[in-house]
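Colleague: model this:
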Amino acid sequence: MTREPHPTREPQRRPLIGITSYQDEAAWSVWRQRASLLPQTYVDAVVRAGGTPVLLPPQPGGAEHLAEALDGLVLAGGPDVDPARYGAAADPRTGPPHPARDDWENRLLHAALARDLPLLGVCRGMQLLNVALGGTLLQHLPERSHQIVPAGFVRHPVAVEDGSRLAGVLGTATDVSCYHHQAVDRVGRGLQVTARSADGTVEALELPGHRFVLGVQWHPETDPDDDRLFHAFLTASQPRENTR
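Modeller: Below you'll find the predicted structure:
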């Protein structure tokens, strides 16, 4: 008697995750050129959580097409958002504007929201989310509060709103790794504050009514021992065919 072979099961496709990136002068080997680049920690965090990362440097078009092709979007940290985008004059301590990146990420963000694409905003990414929905930013926090040493992340505790999506991932209290001199001021339309630091600084925003729209002021990609946030994001970003 011949047994019928078991059908071969197709391997699940890893979620395709777009990560916005810098476009700046960079040096490597004998070269110094304008380049599209991103800290490797973002790529590693997405890979560890089960995704396939794709870098999305500023470009003139294609945001809507990418939102259709991707399974999730990470708005990465970076330079200050241009204050003109929220109707403010630039503080002397605000960094120079990067209009190409601001415009590109704003279009990506709105395309992602329109398609209900899971979205994770990190530091600048959360601030951009807030501004895109009509909010404003504090352009400079008190010295040595959230940016203590140059190019050095510092850990501090945050309190998370009970019952929020974030609390379901991290609990109601956690230590985070931060480096920023700006923060959310007036909260954008529909957004909810779901975490604060001890000084009242907004540390997380969520947009209810979407599969996954979450912004955090800290840098979870720098903590390889705690992948909970990226795992939650990747779970929400599973391709539709993987969930049938």
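Colleague: over to residue 55. Which of the three states is it?
Modeller: strand (DSSP: H, G, I helix; E, B strand; the rest coil).
Colleague: that one and residue 117, how far apart?
Modeller: 17 Å (C-beta to C-beta, to the nearest Å). C-beta coordinates here come from the backbone N, C-alpha and C atoms, glycine included.
Colleague: comparing these two, which residue is more hemmed in?
Modeller: Shown here are residue 55 and residue 117; by other C-beta atoms under 10 Å, residue 117 has more neighbours (24 against 15).
Colleague: pLDDT score for that one?
Modeller: As predicted, residue 117 sits at a pLDDT of 98.
Colleague: how about it, what does it touch?
Modeller: 67, 70-73, 111, 211 (C-beta atoms under 8 Å, 6 or more residues apart in numbering).
Colleague: where does pLDDT dip in this structure?
Modeller: Applying pLDDT under 70 to the chain picks out residues 1-11, 241-244.
Colleague: go with 90
Modeller: Applying pLDDT under 90 to the chain flags the ranges 1-12, 142-152, 154, 240-244.
Colleague: just the strands in it please.
Modeller: Per DSSP state E, the chain carries strands over the ranges 16-20, 22-28, 31-37, 52-56, 72-75, 119-122, 137-138, 154-160, 173-178, 183-184, 192-197, 202-206, 213-216.
Colleague: in contact with the residue most central in space within the chain, which residues?
Modeller: Compute the mean C-alpha point of the chain, and by C-alpha atoms, centre = their mean the closest residue is residue 121, 2.3 Å away. Applying C-beta under 8 Å, 6+ apart, we find residue 121 in contact with 74-75, 127-129, 205, 214-216.
Colleague: can you check which helix is longest in the protein?
Modeller: Ordering each helix of the chain by length in residues (DSSP state H) puts helix 99-114 first.
Colleague: number of residues surrounding the closest residue to residue 203 other than its chain neighbours?
Modeller: In space, and not counting its chain neighbours, residue 203 is closest to residue 195: 4.0 Å by C-beta to C-beta, 6 or more residues apart in numbering. The number of residues packed near residue 195 is 25, by other C-beta under 10 Å.
Colleague: going forward, count from 48.
Modeller: Okay, residue one is now 48; in that scheme the one you just asked about reads as residue 242.
Colleague: list the contacts for residue 242?
Modeller: Contacts for residue 242 were tallied using C-beta under 8 Å, 6+ apart; they are 205-208, 211, 213, 249-251, 263.
Colleague: mind listing the residues bridging to it?
Modeller: Residue 242 has these beta-bridge partners by DSSP bridges: residue 207, residue 251.
Colleague: that one and residue 251, how far apart?
Modeller: 4 Å.
Colleague: residue 222 contacts residue 200, correct?
Modeller: No. Using C-beta atoms under 8 Å, residue 222 makes no contact with residue 200, being 11.5 Å away.
Colleague: quick revisit: what is the longest helix of the chain packed up against?
Modeller: Applying 3 or more C-beta pairs under 8 Å, 6 or more residues apart in numbering; DSSP states H and E, we find helix 146-161 packed against strand 63-67, strand 69-75, helix 110-116, strand 119-122, strand 166-169, helix 171-179.
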